[in-house]
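# Following is a predicted model, sequence given first.
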Amino acid sequence: MMWNDAHITNQEITDDKTGIKKSIKMKHSKAVSSVLSDVKMKMLIYSIVLAIYFGLILYAFVYLSLRLSINSVIPLTLAGLFLLVKTTSEVIRLTILTKTADNLTVMGSLLFFRKKLNTIKRIDFLAYLVFLYLLAILTSYNYITDIGGIKNFSWSNGILPVPLLLVFILMLLLMPWFLKYQHNRRYKKLYSDLNDSVRYLNDL
Amino acid sequence: MKLEEEFIELVNKHQGILHKICNIYFLWNPFKEDYYQEILIRLWKSYPGFNNQSAFSTWLYRVAINTAIDIVRKQYLLPKHTELTIIEYNIPEHEYDAGSDKKEILYQAIDYLSDVDKAIILLYLEDYNYKEIAEIIGISESNAGVKINRIKNQLIKTLKNGKG
């Protein structure tokens, strides 16, 4: 057989106990390590900035009892949202890169990984859904308080044009679905690889 | 310590398997040596899960193939520099095309297969029977047989035509 012929003449594998010993002392190989530390570094930076942001927000609103108008709250919220999205996106990337199931069968490993990926997506979506819907409710509440009650709600209100507010709230309400779509798009190749492989293995 | 020595001894004895898997999955990859090391590390991490129910080599194939497929699948999540092609590395293509030795020609033909097919054909070429292949891959024996026949035909076609 061609395979056996090809390998019989290439049996020059030497003793490499030292190399193996050195390798297994490492957490990851050099290439994988450098990728993981890049992701970890990004995640760390975003987390620190996010923590500082939340710290300052809490300090301003809880400790100093600062009362800001809706006009100032919206840009602050957007900045916080941006940091949150970036941090979770890096956390997800790291989780996906480090998640493995090597001891299972090839099919089992594929199914395990696909299940994990879907769980990550579901948790991510639900967390954003709860957080952003709460934010939308709080923004509406803040606006209504700002204008002195629901009876003063009018399109010509001077504090913040109502259409702008509605766009912002609509954006908050649609964002979980947009992020879900982004997740699918970002990991499209991974999903299609997994689905194709599972389908192929199940197919007779 | 005993576990580590035992592992090193066993892997050292079977390192040819790892080289074959790396050649199949990372044939032109400039990080082939690195991924060989990564497979070793993940084998060591998985070793406590090896329960002697199967032969060590069977377990080794399963974990190493899973790791290799996992690395390939996650490649696109890695920075762009790991995805450079032969042309981008400025390596003359003819070095790979007109492989004169059998091993090279065979690896080139296998390279056209999907990741799962690569695993199946590797086990077949390593003289595993349908039942063992089915156990490692996680499919039925008959399914393994059907797939092997299809892959064999595809390989023959590739070897005859010189490309996929």
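Ah, there it is.

# Next, the contact list for residue 141, please.
Chain wasn't specified; assuming chain A. A:Tyr141 makes contact with no residue under the criterion CB atoms under 8 Å, 6 or more residues apart in numbering or on different chains. (Glycine included, C-beta is placed from N, CA and C.)

# um, chain B though
Taking CB under 8 Å, 6+ apart as the test, what B:Glu141 contacts is B:Tyr130, B:Lys131, B:Ala134.

# Could you give the number of residues near the first one?
What that stands for is B:Tyr130. B:Tyr130 is flanked by 18 other residues according to other CB atoms under 10 Å in any protein chain shown.

# what residue is smack in the middle of chain B?
B:Ile21 (2.9 Å; CA atoms, centre = their mean).

# Now name the helix or strand holding the residue lying closest to it once chain neighbours are set aside.
Computed as CB to CB, 6 or more residues apart in numbering or on different chains, the closest residue to B:Ile21 that is not its neighbour in sequence is B:Ala64, at 4.9 Å. For B:Ala64, the host element (DSSP states H and E) is helix B:56-74.

# Buried residues, that helix. List them.
Taking 16 or more other CB atoms under 10 Å in any protein chain shown as the neighbour-count basis, helix B:56-74 is seen to contain the buried residues B:56, B:58-74.

# any idea of the pLDDT on B:Arg77?
For the record, residue B:77 is Leu, not Arg. Note for B:Leu77: predicted pLDDT of 72.

# host element of the residue nearest to it when sequence neighbours are not counted?
Once flanking residues are discounted, B:Leu77 sits nearest to A:Leu97: 6.0 Å by CB to CB, 6+ apart. Following DSSP H and E, one finds A:Leu97 within helix A:70-98.

# Going by residue numbers, what spans are strands in chain A?
With DSSP state E, there are no strands along chain A.

# And the residue nearest the centre of it?
A:Ser89 (2.7 Å).

# Contacts only, for the residue nearest to B:Ile21.
Per CB under 8 Å, 6+ apart, neighbours of B:Ala64: B:Ile17, B:Leu18, B:Ile21, B:Ile39, B:Leu43.

# Could you list the buried residues of the strand or helix carrying the second one?
Yep, that's B:Leu18 we're talking about. Assigned by DSSP H and E, B:Leu18 belongs to helix B:15-25. Residues B:Gln15, B:Ile17, B:Leu18, B:Lys20, B:Ile21, B:Cys22, B:Asn23, B:Ile24, B:Tyr25 are the ones in helix B:15-25 that count as buried (16+ other CB under 10 Å).

# same deal with stretch A:95-111?
A:96-97, A:100-107, A:109-111.

# Next: stretch B:145-164.
B:Lys147, B:Ile148, B:Ile151, B:Gln154, B:Leu155, B:Thr158.

# where are the low-confidence patches of chain B?
Scanning chain B for pLDDT under 70 picks out the ranges B:1, B:78-100, B:162-164.

# do the same with chain A
Low-confidence segments of chain A (pLDDT under 70): A:1, A:4-6, A:8-13, A:156-160, A:204.
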